[in-house]
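In: below are the sequence and a predicted model for it; my questions follow.
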Amino acid sequence: MKYRVNPFLSWALSSAFLLAVISGILLAYPFHEKAPFVSTVGIDTVVPYGWFLRRLHYFSSWATLVLLLWHAGEALWARAEEHRRPLPWLALSLSLPLIFLVAFTGYVIRWDETGKLAGFIAESLSLRLPVIGPYLNALLFTVREGGIHRPYLYHFWASLVVLGLYGIWHFRARRWPADPFLLVFALCGALALFLPVGLHAPGPHLLVKGPWFFVGVQEALRHAPPFLAGILLPSLGPTFYFLVRIPSLRRVSLFGLILWCAGYGVLTLWGLLR
């Protein structure tokens, strides 16, 4: 019997992303990019129910990333690439780095110690890309010169574009089912009520860890040159995923993707426990 992608979990993914976007739009009103850290603290302490909105945004973003990885794995298991032409499959493969980059810039724009470190590392790594590096940095980062301006623009607008593009085209969101959205809202809301989302306050810290999905890169940078650890390593995953579409490379690409996931998982676990 051929495996089919779970429709409920697929709608839960889109619902988590929709919830993250809605809560992000509400947070954009009291947020000031010229004073991001103070503004974030103010949302937690001064804005009515701001603490709940920020936590809801945080946990719905987590749910989006986790469900996205699950959905990507399900798609491979169901051999969904056989029903997609190369360009649509490339667009779906690119959704993985695009959404993770949205989440990454969300950490940067808090501008606490974690956000600053993540932004400085990302800027340095992007500048090491040949030819397109300076242009990519000017588009997404330049945090040393411009602060969080460009990461904030990308985080806000890319979220809307990705939701609209993939929601209309891939999920065909003509009629959004209520059950997955209500379940995601209930789970993320319950987490938001009881689990605080801290900030890494400025100060002399011996070790600052980035967001969980970036810890693998951060750990790899301790043992390998920046180009290999910060650019080649994270780009291998989406590349293997896309190459699965080519019949003659499917087995090799799947094997490479499994090895990459295992290796990056070990680096992430090692970095989180260190």
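Out: Looks like it came in fine. Numbering: from 1, shown residues only.
In: Ser253: how many residues sit nearby?
Out: Per other CB atoms under 10 Å, the neighbour tally for Ser253 reads 20. Bear in mind the C-beta positions are built from the backbone N, C-alpha and C, glycine included.
In: now for the host helix or strand of it, which elements pack on it?
Out: Element membership for Ser253 (DSSP states H and E) is helix 250-273. Packing partners of helix 250-273 (3 or more CB pairs under 8 Å, 6 or more residues apart in numbering; DSSP states H and E): helix 215-220, helix 233-243.
In: could you dump those helices to CSV with mean neighbour count, distance to Thr105 and mean pLDDT?
Out: Below are the helices and strands packed on helix 250-273 laid out as CSV (neighbours: other CB atoms under 10 Å; distance: least, CB to CB, whole Å; pLDDT from 0 to 100):
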stretch, mean neighbour count, distance to Thr105, mean pLDDT
helix 215-220, 22, 15, 90
helix 233-243, 19, 15, 93
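In: what residue is smack in the middle of the protein?
Out: Phe100 (2.2 Å; CA atoms, centre = their mean).
In: in space, what's closest to that residue - neighbours in sequence excluded?
Out: Nearest residue to Phe100 in three dimensions, chain neighbours excluded: Phe213, at 6.1 Å (CB to CB, 6 or more residues apart in numbering).
In: what of Glu219?
Out: Gly271 is the one closest to Glu219 (CB to CB, 6+ apart), at 3.6 Å.
In: quick one: contacts for the one you found?
Out: Counting by CB atoms under 8 Å, 6 or more residues apart in numbering, Gly271 makes contact with Lys209, Val215, Gly216, Gln218, Glu219.
In: what pLDDT does the model give the first one?
Out: Looking at Lys209, its pLDDT is 76.
In: and the gap between the closest residue to it other than its chain neighbours and Pro234?
Out: If the residues on either side of it in the chain are set aside, Lys209 comes closest to Val215, at 5.9 Å by CB to CB, 6+ apart. For Val215, the distance to Pro234 equals 12 Å [CB to CB, to the nearest Å].
In: what's in contact with the lowest-mean-pLDDT helix or strand in the chain?
Out: Within the chain, no helix or strand scores below helix 226, which has a mean of 86 by mean pLDDT, DSSP states H and E. Residues from elsewhere that reach helix 226, judged by CB under 8 Å, 6+ apart: Ser124, Leu125, Arg128.
In: who are the neighbours in contact with the closest residue to Ser253 other than its chain neighbours?
Out: Once flanking residues are discounted, Ser253 sits nearest to Leu243: 4.0 Å by CB to CB, 6+ apart. If a contact means CB under 8 Å, 6+ apart, then Leu243 has Leu249, Val252, Ser253, Gly256 as its contacts.
In: the third one is in contact with Val244, isn't it?
Out: Yes - between Ser253 and Val244 there is a contact under CB atoms under 8 Å: 4.6 Å.
In: now do the helices in the stretch 51-200 of the chain.
Out: Ranges of helices within the stretch 51-200 of the chain are 86-108, 113-127, 133-140, 143-146, 149-169, 178-194, based on DSSP state H, counting those that start in this stretch.
In: ok, which of those helices comes nearest His32?
Out: Minimum separation from His32 across the helices of the stretch 51-200 of the chain (CB to CB) falls at helix 149-169, 10.2 Å.
In: for the closest one, list every residue counted as buried.
Out: With burial defined by 16 or more other CB atoms under 10 Å, the residues of helix 149-169 counted as buried are 149-152, 154-156, 158-159, 162-163, 166-167.
In: ok, those vs Ala72, which is closest?
Out: Using CB to CB, these come closest to Ala72 at Tyr166, 12.5 Å.
In: pretty sure that closest one contacts Ser95?
Out: Yes - using CB under 8 Å, Tyr166 is in contact with Ser95, at 5.9 Å.
In: for the nearest residue to Leu90 once chain neighbours are set aside, give its distance to Trp260.
Out: Once flanking residues are discounted, Leu90 sits nearest to Phe242: 5.8 Å by CB to CB, 6+ apart. Relative to Trp260, Phe242 is positioned 13 Å away (CB to CB).
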